[in-house]
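Participant: Provided below are the primary sequence and the corresponding predicted coordinates.
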Amino acid sequence: MLDDISMFYDLVSNKKITYFDVLLKGNYGYKGTEKMIEKIKNMHNVVFFIHKDRYKVLPEESQLDK
């Protein structure tokens, strides 16, 4: 799940916290967004769940890296 609250879902479900759980600007270092995009491009047989409506309404000052 890619969302600003996906980490909470993982915590209450006892799932492992992964690279994609805290999608905050700056969490991935220099050119982190580009690195994340490349990582996703190289993944196969993976399904991502994205709450697209939440991404549409995020304010520009949000720390979530869209």
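Facilitator: Ah, there it is.

Participant: can you tell me the closest non-neighbouring residue to residue 25?
Facilitator: Once flanking residues are discounted, residue 25 sits nearest to residue 65: 4.7 Å by CB to CB, 6 or more residues apart in numbering. (Each C-beta comes from the backbone N, C-alpha and C, glycine too.)

Participant: confidence score at that neighbour?
Facilitator: Looking at residue 65, its pLDDT stands at 72.

Participant: going forward, begin numbering at 180 instead of 1
Facilitator: Yep, numbering from 180; the last one is residue 244 now.

Participant: wait, isn't it in contact with residue 199?
Facilitator: No. Residue 244 is not in contact with residue 199 according to CB atoms under 8 Å; the separation is 10.6 Å.

Participant: what is in contact with the two at once?
Facilitator: residue 215 (CB atoms under 8 Å, 6 or more residues apart in numbering).

Participant: ok so, going back, what about the residue nearest to residue 204, how many residues nearby?
Facilitator: Per other CB atoms under 10 Å, the neighbour tally for residue 244 reads 15.

Participant: so for residue 238, what's the pLDDT?
Facilitator: 66.

Participant: please apply the same query to residue 210.
Facilitator: On pLDDT, residue 210 comes in at 86.

Participant: one more: residue 217?
Facilitator: At residue 217 the predicted local confidence, pLDDT, stands at 92.

Participant: what lies in contact with the helix or strand that contains it?
Facilitator: For residue 217, the element it lies in under DSSP states H and E is helix 211-220. Identification of contacts with helix 211-220 by CB under 8 Å, 6+ apart yields 198, 199, 204, 205, 207, 208, 227, 244.

Participant: and if we set it to 7 Å?
Facilitator: Counting contacts by CB atoms under 7 Å, 6 or more residues apart in numbering, the residues outside helix 211-220 that touch it are 207, 244.

Participant: follow-up on the earlier one: hmm, the residue nearest to residue 204 is touching residue 203, no?
Facilitator: Yes. Assessed by CB atoms under 7 Å, residue 244 is found in contact with residue 203 at 6.3 Å.

Participant: cheers, nothing more for now.
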